[in-house]
Structures are given as structure tokens and as C-alpha cells.
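1. Structure here, sequence nowhere to be found:
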């Protein structure tokens, strides 16, 4: 994959979907979330024609704040998972990425400045002004190892009526770890899309 990757989705839509393109503008992934599912299940496709499924992301339980979302390839081979870190995520986004069925996270995703979320929530309540909050208040998420060293950064870009994120690679990673991070960030983006 040629970095930076761009993740984009329409804010006003019935069916949440994410388009992922690389630095050259080529489509890399397409995700379309199904509505009215008690147990979250998402298929990641090669493009928006939805002809070639690449990965599946599925929740381990029915509607739960701390569900674990497992990644598999189309043959069902496990690739890892992502889990929201319970009550910590109320203040700022905090997720953990796991390798395989491990119980100790190999990576952590944190919102770099939680005050942006607070400001966004306040400004969003003001009539008319709230429509422009998504253009000026843009959160950034850092993917790091447990020791705190950053490996990737996901930054929301200014955009009207659409969510646009830029994913930058900070260090070299092996292919499987890279896929695990991208899958985790796509799922996190679906879960956090309503929060700025």
C-alpha cells in the first residue's frame, strides 16, 4: 500500500460506507456496514463493486460498549482484533489492537487531544454554527506500541458533509501488522463516526 491512505465516508447517508484510497488515488478497500444488525458484521471488499471480499470483521457479542471485533480473511483464518477500552473511551477514544487470540494488546489507539471532542460536542449544539464544527475541529488518533512509540497516525481532515481521514505510516511494519492496523482503524472509524 502506498501511504498516506485516505479514508472517506459521507456523513449524511442511510448506510455507512468507507472508501479507502492510496496516495495515487487507487481504491484499496471498500466497507459497507449493514443496518439493523444486533451483532456487528462487516465485510471489507477490494472496491465498491463488492465483487471481491477480502476480510470480515465481526463482533464477539450482541450490542455491547466493549465488544471485541475480530478480523478474519475470507477463509476464516484469524488475523487479530480491536476492542474499545470501556469507560476510558467516554472521555477520549481508546482502543486496543490484539494479535490473534491474545489477551495482551500489541498496539493501542488513542485520541491525541481529548479536548477537541469536548469542544466539538459543545459547538455542535449551537444552531447553524454546529454545522461547521466538523470543518474546524479535527481529532487525531495515534497508533502506538505499549511502550508509547508511535507507528501510525490517523488525522481527520477538514471537510463539509463528509468524513475524511488521512492515515500516515510513521515506521516500517510487517505486512500482517499493517493490515491489522488498517482493519482496526476502519472499524474504529465506523464506531466513532458520530463523534466528530
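-> Structure's in. What do you need? Bear in mind the structure is a predicted one, so any value in this text is a computation, not a measurement. Residues are numbered from 1 along each chain as shown.
2. number of nearby residues for the nearest residue to residue 1 once chain neighbours are set aside?
-> Using CB to CB, 6 or more residues apart in numbering and skipping the chain neighbours, the partner closest in space to residue 1 is residue 22 (5.5 Å). No exception for glycine: its C-beta is placed from N, CA and C like everyone else's. Residues within reach of residue 22, counting by other CB atoms under 10 Å, total 16.
3. In contact with residue 22: list those residues for me.
-> 1-3, 5-6, 28 (CB atoms under 8 Å, 6 or more residues apart in numbering).
4. ok, now residue 2?
-> 22-24, 26.
5. Let's see that with 10 Å instead.
-> 21-26, 28, 169 (CB atoms under 10 Å, 6 or more residues apart in numbering).
6. repeat for residue 20
-> Counted by CB under 10 Å, 6+ apart, residue 20 has contacts 1, 5-9, 26-31, 44, 47, 165, 167, 182, 185-186, 189.
7. swap in residue 4?
-> Applying CB under 10 Å, 6+ apart, we find residue 4 in contact with 21-23, 152-155, 165-169.
8. quick one: which two of those residues are the most distant?
-> Between any two of the contacts of residue 4, the greatest separation by CB to CB is 17.4 Å, found for 21 and 153.
9. ok, back up a step: which ones among the contacts of residue 20 map onto helices?
-> 182, 185-186, 189 (DSSP state H).
10. Quick one, which of the contacts of residue 4 are buried?
-> For the contacts of residue 4, a neighbour count by 16 or more other CB atoms under 10 Å gives the buried set as 21-22, 152-155, 165-167, 169.
11. Would you reformat those residues as a markdown table and include distance to residue 53?
-> Shown next, in a markdown table, are those (distance: CB to CB, whole Å):
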| residue | distance to residue 53 |
| --- | --- |
| 21 | 19 |
| 22 | 19 |
| 152 | 24 |
| 153 | 28 |
| 154 | 24 |
| 155 | 29 |
| 165 | 23 |
| 166 | 26 |
| 167 | 22 |
| 169 | 25 |
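12. Now, those residues that are in strands?
-> Residues of the buried ones among the contacts of residue 4 located in strands (DSSP state E): 21, 152-155, 165-167, 169.
13. Could you measure from the closest residue to residue 27 other than its chain neighbours over to residue 103?
-> Closest residue to residue 27 apart from its sequence neighbours, by CB to CB, 6+ apart: residue 47 at 4.7 Å. Between residue 47 and residue 103 the computed distance is 35 Å (CB to CB, to the nearest Å).
14. More neighbours: the two, which one.
-> Legend: neighbour count by other CB under 10 Å for residue 47 and residue 103, higher for residue 47 (14 against 5).
15. ok, residue 138 - how many residues close by?
-> Residue 138: 19 neighbours (other CB under 10 Å).
16. who's in contact with it?
-> By CB under 10 Å, 6+ apart, residue 138 lies in contact with 113, 116, 120, 155-159, 164-166, 196.
17. neighbour-wise, which of those residues leads?
-> residue 165 (25 neighbours).
18. Is the residue nearest to residue 184 when sequence neighbours are not counted part of a helix or strand, or is it coil?
-> Nearest-residue entry for residue 184: residue 82, 3.8 Å, with adjacent residues in sequence omitted and distances by CB to CB, 6+ apart. Under DSSP: H, G, I helix; E, B strand; the rest coil, residue 82 falls in the strand class.
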